[in-house]
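Novice: sequence and predicted model, in that order:
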Amino acid sequence: MSVPQTTRQIWAAPMVLGIVSAIGLMSALLGDGMWDALSWVALTAPIAAVLWFVVRAISHSRSL
């Protein structure tokens, strides 16, 4: 039986990814150079999170 999670625990990661994505989108609109680098890093974070969970789920299913 798993331990019940609070609302804060459930929504923490989606909120952080949303804020990071918003920062990435805003920095892409603000300028060039360093702003572009910030936008690439920030907009890559949600993709990296999805890939991490997919790899984790695949490795977990193979161990069963």
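Specialist: Perfect, thanks for sending it.

Novice: separation between residue 48 and residue 6?
Specialist: Distance of residue 48 to residue 6, computed by C-beta to C-beta, to the nearest Å: 25 Å. (C-beta placed from N, C-alpha, C; glycine too.)

Novice: neighbour-wise, which of those two wins?
Specialist: Taking other C-beta atoms under 10 Å, residue 48 and residue 6 do not tie; residue 48 has more neighbours (11 against 8).

Novice: mind listing what's buried in the host helix or strand of that one?
Specialist: Using DSSP states H and E, residue 48 sits in helix 34-63. Judged by neighbour count using 16 or more other C-beta atoms under 10 Å, the buried positions of helix 34-63 are 38-39, 42-43, 46.

Novice: how many residues are close by residue 24?
Specialist: Other residues lying near residue 24 total 19 when counted by other C-beta under 10 Å.

Novice: spit out the contact partners of the residue nearest to it when sequence neighbours are not counted.
Specialist: Among residues not flanking residue 24 along the chain, residue 42 sits closest, at 2.9 Å (C-beta to C-beta, 6 or more residues apart in numbering). By C-beta atoms under 8 Å, 6 or more residues apart in numbering, the contact set of residue 42 is 20-21, 23-24, 27.

Novice: give me the buried subset of those residues.
Specialist: The neighbour-count test (16+ other C-beta under 10 Å) marks 20, 23-24, 27 as buried among these.

Novice: OK, contacts around residue 21?
Specialist: So residue 21 contacts 42-43, 45-46 (C-beta under 8 Å, 6+ apart).

Novice: save those as a markdown table, and put in distance to residue 58 and pLDDT too.
Specialist: Formatted as a markdown table, those follow (distance: C-beta to C-beta, whole Å; pLDDT from 0 to 100):
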| residue | distance to residue 58 | pLDDT |
| --- | --- | --- |
| 42 | 26 | 96 |
| 43 | 24 | 96 |
| 45 | 21 | 94 |
| 46 | 19 | 94 |
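
Novice: no further queries at this time; thank you.
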